[in-house]
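In: Could you work out the structure for the sequence below:
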Amino acid sequence: MNSIGIKSRTVILLPKDVERRPQGNYHVVTEAYLNDRKKWVMVDAQWNAIPVLNNYPLSVVELQNAVARSMGGINLGNVKNGMEDIYLISIPVYIHYIYTPIDNRVIGAKTPENVSGGVLLVPAGEKPPASFASAPIYNKITITNSIPDFYGAGTP
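Out: Next up is the predicted model:
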């Protein structure tokens with residue numbers, strides 16, 4: 001998306017029990033910034049899903065809020081193999097902590113095992129995980145409870 005002029009970033013979704021999971025401890029999606037809507041929108045290429053609620057495309061945080069509030073009516077588009085029900089059951093597991101790396105280049109991008117910078121959004125009042133993908137994360141990333149800090153100045 002970046003190569004065709006759509007500002008985008010990698011976002012890693014982490015479950016609440018990420019420190020105890022030996023495998024399957026994260027899910028990677030993309031967020032694309034839509035200039036006409038002045039907002040970030042989640043794109044899950046693995047599942048061919050773009051979550052929409054009431055004709056409003058959702059960011060990762062907006063999807064997290066909609067799932068937490070048990071809001072029905074989330075449309076995902078043409079989900080892979082028609083597995084929308086499975087996706088809506090599994091995605092809430094992976095959307096507790098939200099991480100985006102600073103380096104979003106394809107070449108040279110950091111894998112979770114080599115985290116060297118980024119921002120981790122932690123639910124208010126919760127302690128952040130000490131590690132994910134078997135890699136300690138303290139002092140390597142910025143940890144915040146602030147949605148505006150996660151999305152940047154001027155971003156809703």
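In: Please verify my assumption that residue 88 contacts residue 74.
Out: Yes - Residue 88 lies in contact with residue 74 (Cβ atoms under 8 Å); the separation is 6.8 Å. Placement of C-beta: from N, CA and C, glycine included.
In: any shared contact partners between those two?
Out: Common contact partners of residue 88 and residue 74 (Cβ atoms under 8 Å, 6 or more residues apart in numbering): none.
In: which residues in this protein form helices?
Out: 60-68, 84-90, 147-151 (DSSP state H).
In: for stretch 121-136, which positions count as buried?
Out: Buried residues in stretch 121-136, counted by 16 or more other Cβ atoms under 10 Å: 121-122, 128-129, 132-133.
In: Export those as CSV, with columns for distance to residue 13.
Out: Listed next are those as CSV, based on distance: Cβ to Cβ, whole Å:
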residue, distance to residue 13
121, 10
122, 13
128, 15
129, 13
132, 11
133, 13
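In: and these, which of them are in strands?
Out: Among the buried residues of stretch 121-136, the subset assigned to strands under DSSP state E consists of 121, 132.
In: Let me have the buried residues of stretch 121-136 in a markdown table, adding pLDDT and distance to residue 150 as columns.
Out: Output for the buried residues of stretch 121-136, formatted as a markdown table (pLDDT from 0 to 100; distance: Cβ to Cβ, whole Å):
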| residue | pLDDT | distance to residue 150 |
| --- | --- | --- |
| 121 | 94 | 4 |
| 122 | 95 | 10 |
| 128 | 89 | 13 |
| 129 | 87 | 16 |
| 132 | 73 | 17 |
| 133 | 63 | 20 |
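In: ok, so of the buried residues of stretch 121-136, who is nearest residue 38?
Out: Checking these against residue 38 with Cβ to Cβ, the nearest one is residue 121 at 19.6 Å.
In: close enough to count as contact, the closest one and residue 61?
Out: Yes - contact criterion Cβ under 8 Å: residue 121 and residue 61 qualify, at 7.2 Å.
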